[in-house]
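Q: the following comprises the amino acid sequence and a computationally predicted model.
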Amino acid sequence: MLRSNVGAALRSLTRNASTKAYNSSKVLRKYPIGQEIHGFEIKRTLAVPEFAFTAVNLEHKRSGLEYLHIDRNDKNNVFSICFKTNPTDSTGLPHILEHTTLCGSEKYPVRDPFFKMLNRSLSNFMNAMTGHDYTFYPFSTTNNKDFENLRDIYFDACFNPLLSSQDFHQEGWRLENEDPNNKETPITFKGVVYNEMKGQFSNASYLFYINFLNKIYPSLHISGGDPQAITNLSYEDLVDFHASRYHPSNAKIFSYGDLPLSENLEFLNKNLGHFGKRAKKQSRSDIKEPIDLSKSQEVFVEGPVDPTLSEDKQYKASMTWFVGKPEDVYETFVLKLLSSLLLDGHASPFFKKLIESGIGNDYAVTSGAESITDLNSFTVGLQGLSKEDIPKFEKIVNEVMEECAITGFEDQKVEAMLKQIELGKKDKKSDFGLNLLYSIVPGWVNRVDPFDSLAFDDVVNDFKINYAAAKGQFFQNVIKEKFLGKPVFKFVMKPDANYEKKVIDEEATRLSKKLETLNEEDKEVIYDRGLKLLEQQTKEEDLSCLPTLSVDKDIPRDGEVTPVDIADNLNYKLLKRITDTNGLLYFRAQKSLENAVPSRLVPYLPLFCEALMNVGTKNKTMDQLEDEIKLYTGGLSSSVYVKPSITDNLKPKLFWELRGVALNSEVGRVYDLWTEILNEVDFTNTEKLKTLIKSLNANSVSDIASSGHSYARSFASAGLSPVKEFGEYLSGVSQIKFINKLNAIVDDEEKLRYEIVSKLEEIKEILINKDNFKFGLIGDSETVESNQSLIEKFLSDLPQSNVDKSTIDYESPTYFNELRSEFFGITGAKPTLLSLPYQVSYASLGLLGTTFLKEDSASLQILSQLLTFKYLHKEVREKGGAYGGGVRYGGVDGLFGYYSYRDPNPLRSIEYFKKSADFALDNAWTAENLNEAKLTIFQSIDAPMDAKSEGMMLFRDGITDPMRQERRENLLDVNIEDIKNVTEKYLINGIKDSKSHRVAVIGPRLEEYDESKWEIIDFSS
């Protein structure tokens, strides 16, 4: 699912302008208007020199297909096919069709060619996505042959899919015996999308958003599918929908990069020959409209209780204004700016009056400016409300709008937002083409002219002119015109303690009603269909029709080097990466915290980093500090993390990192601001601290639902090594639970000061001094060299260290025993269930491998891909019904981590995680299997890199170019015997020995969890 958002669109557009001279007239001459190329007519062109590209709009004369090409000197080429797919109900038809389309086509009649191409390609991105009223299929790759292969696969999948009923039942929904081999087992609902959307509806933030959207825009329905409606969808509906929507006349194709446009046009013209032009092109009737808001409306819905919040703060509420249409790109831009002024940051009026005042704990997910289909809207939403505070919330919202209509906003704040846009344009991103695609698709399918969206500087310049002309009244006039006295849509989600039970009961009732209509013959058909699907999922296929790249031909043995100059003859260590950064300087400072932090303070380290950027200093309020950061930098941030040694993955190395970016001419501000923050941070500002903790706690359950497999993997691996246990405490569910514990005491001023402020002050004494800093600079040579004096001044302004490290040892059992007392879980070898009120689960099993440069490490990484693509995808997703499953191997930390995602059968998945070892040992692996696994790994190794990431493997992990090359050669040289050896050594032995692996599940508590065999942790207690 993809949600359209004006802010995201603007951020996507403001990226990667080239500093090199761009000859737009030369490029334009390549595309004369009216010229016909392979059946396509060039309709118009647009030069966009600020981003160094030219846009070419074409139409296929025979079929009516619309084409947009972005000609740019970028080897990371992008291709996408998009269709307007208005859903007719909430059965998830467009979403299930997206899945089923990729399950085989006329030219590639194999099961799931899309997934199988993931390991026959060097693409750095392959996916398909369903939006509110559109579906699109994008990929990107730097390999020309790969581009041609994937273009052919995608085209045939979209226009000539097999759409078999079997694939519909596997990907969408079906009735099937719990055990397909046993007709005596109960019949239940199954299906990949069905379980995916049960997972989505377990996410409280998504649930609030989709309910809200369904009320203001019911004609859009729920394109991803409501689980309660998905089981009404028929296979015939799917086939009919494809026939009516997946036609060139309803399609839009996008390409980007440096490959010749003519080659794409020739391919398309050849393959579009049998399509004619449909008489009806897109009209206004194809664009669905929102509700009539000619008068104010109020809607109440029920939602789940958040176990991390107090019982009296469970309401969510919002107020929404309809403010125009997305077709007016300028008005959309103005709305986005106004939204930022009203909502973003400590100084914004709504933050002060709603969140800092304690009315709610954070904005609701619906807050801000949004463009959906035919509507621009602005929403102020709040969560963590009491029932009694809802009228107060509505009163404050109206008062703030009225006040801002009089006072407006300081010019400096508007200037700061424009500065952020300028900096964003210079930030070189490797996925510029994809982000450009994402920014235009939602509007393009709804009659927003993509050329208007691409001419971004024109929009900004128009705003500057109009803002100046309004003489300080610009935003006041907008508020008066669009908001004051206008109808408002009020939306409230009230908590229902029985919500999860009602969802479970509804599914049971729905299933029962379907089963009541079945006779014995119907049940026999269901059983037989289940057996046939199982047989189809199990049988070996001939994949010779699928194209593939070759490791020997397409992956160079020598990897690209990233020269980094290391200056260690100074009072500090400095790493300098000289590269083209479009006039920006990226700054990093890393401080080693080896044996420096007492165990009782470790839980507070992430909060310390957050507090640095949220409480202000003794000299400046957070409002003032934030204004300076926005006005002079592209942002500052801080984090703490743990890494293993490259030669010992059991040894934890703790680091604290500071980051910043600014224009070359203003980079001194980064150092000045960090000096101010570090020396003068005011942790005694308890109101700010209280607001921060409540905000961090507010979305924790939704955050876990979004990335449950990662959290489960982190928790499972914590019992395997000090490194992984440290990491779990800093960024896993243990840290979330710790913040939840702090949230329970923040309203007690005495406890807040004694238990939180005092700890942060202690950490400040340990961290903020001039010892053990290493710096990393990325930029042009002159600017990097000039920064050395700034670094020296920065260090000289920090205090001397008085930390006594003699009593601290991160590797000692005592240290970790003390640390565990601050958290929960991480006990013996028992598997652990972290009980949360979700409809599906996330499972993980962790094993420990070896260190980065060992040949076994490379073999384990290859094995992880073999098991994912050749075993776990079939067993966990296709047969088990989970939305995703596989295994990931971390080259640096050595974790061999199995996972499942949105999984209805977590215990079954765990069994297949364990069975995978025997499969790997017994399977007759082939050279082709190894080729595919290696291609998958090198997709990320050789993927294009953002400028700000260059040299970071050396800076953060200590991995040099020679080490990277050694690792590369180890990966390329892995053979079948190596795979068998590491399977026996790490998997077989590790799974047999209960002390060598750990299991964790996040999700609902089921009857199958035997307390004598499982550690049960109730997250809400």
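A: Thanks, I have it.

Q: contact partners for the closest residue to residue 202 other than its chain neighbours?
A: If the residues on either side of it in the chain are set aside, residue 202 comes closest to residue 838, at 3.8 Å by C-beta to C-beta, 6 or more residues apart in numbering. Glycine gets a C-beta too; all of them are placed from N, C-alpha and C. By C-beta atoms under 8 Å, 6 or more residues apart in numbering, the contact set of residue 838 is 199, 202, 705, 708, 1002, 1003, 1004.

Q: try 6 Å
A: Shown in contact with residue 838 (C-beta atoms under 6 Å, 6 or more residues apart in numbering): 202, 1003, 1004.

Q: what's residue 668 in contact with, if anything?
A: Applying C-beta under 6 Å, 6+ apart to residue 668 gives the contacts residue 790.

Q: ok, it to residue 660 distance?
A: For residue 668, the distance to residue 660 equals 11 Å [C-beta to C-beta, to the nearest Å].

Q: same thing with residue 954?
A: In this view, residue 954 and residue 660 are 19 Å apart by C-beta to C-beta.

Q: the more surrounded of these two?
A: Each of residue 954 and residue 660 has its neighbours counted (other C-beta atoms under 10 Å); residue 660 has more, 22 against 19.

Q: got a list of contacts for the longest strand that the chain contains?
A: For the chain, the strand that runs over the most residues, judged by DSSP state E, is strand 648-663. Strand 648-663 is contacted by residues 583-584, 586-591, 593, 633-634, 636-643, 645, 669-670, 674, 721-723, 726, 767, 810, 851, 893-894 when judged by C-beta under 6 Å, 6+ apart.

Q: list phi and psi for the residue lying closest to residue 401 once chain neighbours are set aside.
A: Leaving aside its sequence neighbours, residue 401 sits nearest to residue 483 (C-beta to C-beta, 6+ apart; 5.3 Å). Main-chain torsions, residue 483, degrees, to the nearest 10: phi -120, psi -50.

Q: read off the pLDDT value for residue 483.
A: Reading off the confidence values, residue 483 has pLDDT 98.

Q: ok, residue 6 next?
A: For residue 6, the pLDDT comes out at 32.

Q: begin at 18 from here
A: With 18 as the first residue, the last one maps to residue 23.

Q: quick one on the thing from earlier: okay, and which of the contacts of strand 665-680 map to helices?
A: Those of the contacts of strand 665-680 mapping onto helices are 686, 687, 691, 739, 740, 743, 784, per DSSP state H.

Q: next, count neighbours for the residue nearest to the fourth one when sequence neighbours are not counted.
A: Of all residues not flanking residue 739 in the chain, residue 669 sits nearest, at 4.9 Å (C-beta to C-beta, 6+ apart). Neighbouring residues of residue 669 were enumerated by other C-beta under 10 Å; the total is 23.

Q: count the neighbours of residue 477 for me.
A: Around residue 477 there are 20 residues (other C-beta under 10 Å).

Q: pLDDT below threshold where in the stretch 818-967 of the chain?
A: In the predicted model, the stretch 818-967 of the chain carries pLDDT under 70 at residues 822, 841-845.

Q: now the helices for it?
A: Counting by DSSP state H, counting those that start in this stretch, one finds helices in the stretch 818-967 of the chain at the ranges 830-837, 872-884, 923-939, 944-958.

Q: how far off helix 944-958 does the second one point, in degrees?
A: Pointing back at helix 872-884 there. Interaxial angle of helix 872-884 relative to helix 944-958 (axes from the mean of the first three to the mean of the last three C-alpha atoms, to 10 degrees): 100 degrees.

Q: what's downstream of the host helix or strand of residue 519, the next helix or strand?
A: Per DSSP states H and E: residue 519 is located in helix 516-533. Using DSSP H and E, the helix or strand that follows helix 516-533 towards the C-terminus is helix 537-555.

Q: just the CA atoms of that next one, as CSV, please.
A: Extracted in CSV, the C-alpha atoms of helix 537-555 (Å, rounded to 0.1, in the frame of the first residue of the first chain):
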residue,chain,number,x,y,z
GLU,A,537,-20.3,-32.7,1.9
GLU,A,538,-19.6,-32.4,-1.9
ASP,A,539,-18.5,-28.7,-1.4
LYS,A,540,-16.2,-29.8,1.4
GLU,A,541,-14.7,-32.4,-0.8
VAL,A,542,-14.1,-29.8,-3.5
ILE,A,543,-12.3,-27.6,-0.9
TYR,A,544,-10.2,-30.5,0.2
ASP,A,545,-9.3,-31.5,-3.3
ARG,A,546,-8.5,-27.9,-4.2
GLY,A,547,-6.2,-27.6,-1.2
LEU,A,548,-4.4,-30.7,-2.2
LYS,A,549,-3.9,-29.5,-5.8
LEU,A,550,-2.7,-26.1,-4.6
LEU,A,551,-0.2,-27.9,-2.2
GLU,A,552,0.9,-30.1,-5.1
GLN,A,553,1.4,-27.0,-7.3
GLN,A,554,3.4,-25.2,-4.5
THR,A,555,5.6,-28.3,-4.0
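
Q: which strands and helices sit next to it?
A: With contacts taken as 3 or more C-beta pairs under 6 Å, 6 or more residues apart in numbering; DSSP states H and E, helix 537-555 sits against strand 191-194.

Q: if we use 7 Å, what do you get?
A: For helix 537-555, the elements it packs on are helix 182-188, strand 191-194, judged by 3 or more C-beta pairs under 7 Å, 6 or more residues apart in numbering; DSSP states H and E.

Q: the helix or strand following it - contacts with which helices or strands?
A: Remark: after helix 537-555, the chain's next helix or strand is helix 568-571, criterion DSSP H and E. Applying 3+ C-beta pairs under 7 Å, 6+ apart, we find helix 568-571 packed against helix 944-958.

Q: neighbouring contacts of the helix it packs on?
A: With C-beta atoms under 7 Å, 6 or more residues apart in numbering as the test, helix 944-958 has contacts from 135-141, 566-568, 572, 878-879, 882-883, 886-887, 988-989, 991, 993.

Q: what's the burial count for the closest residue to residue 193 other than its chain neighbours?
A: Closest residue to residue 193 apart from its sequence neighbours, by C-beta to C-beta, 6+ apart: residue 547 at 4.4 Å. Applying other C-beta under 10 Å, we find 23 residues neighbouring residue 547.

Q: verify the contact between residue 547 and residue 199 for me.
A: No - taking contacts as C-beta atoms under 7 Å, residue 547 lies outside contact range of residue 199: 9.9 Å.

Q: which residues touch the closest residue to residue 54 other than its chain neighbours?
A: Excluding its sequence neighbours, the residue lying closest to residue 54 (C-beta to C-beta, 6+ apart) is residue 282, at 5.1 Å. Going by C-beta under 7 Å, 6+ apart, residue 282 touches 54, 55, 57.

Q: which of those has the largest number of neighbours?
A: Within the contacts of residue 282, most neighbours by other C-beta under 10 Å means residue 57, with 26 neighbours.

Q: who does that one bridge with?
A: Beta-bridge pairing for residue 57 (DSSP bridges): residue 54, residue 77.

Q: same check on residue 158?
A: Residue 158 forms beta bridges with residue 94, as assigned by DSSP bridges.

Q: from what I can see it touches residue 168, true?
A: No - with contacts counted by C-beta under 7 Å, residue 158 stays clear of residue 168, the gap being 9.8 Å.
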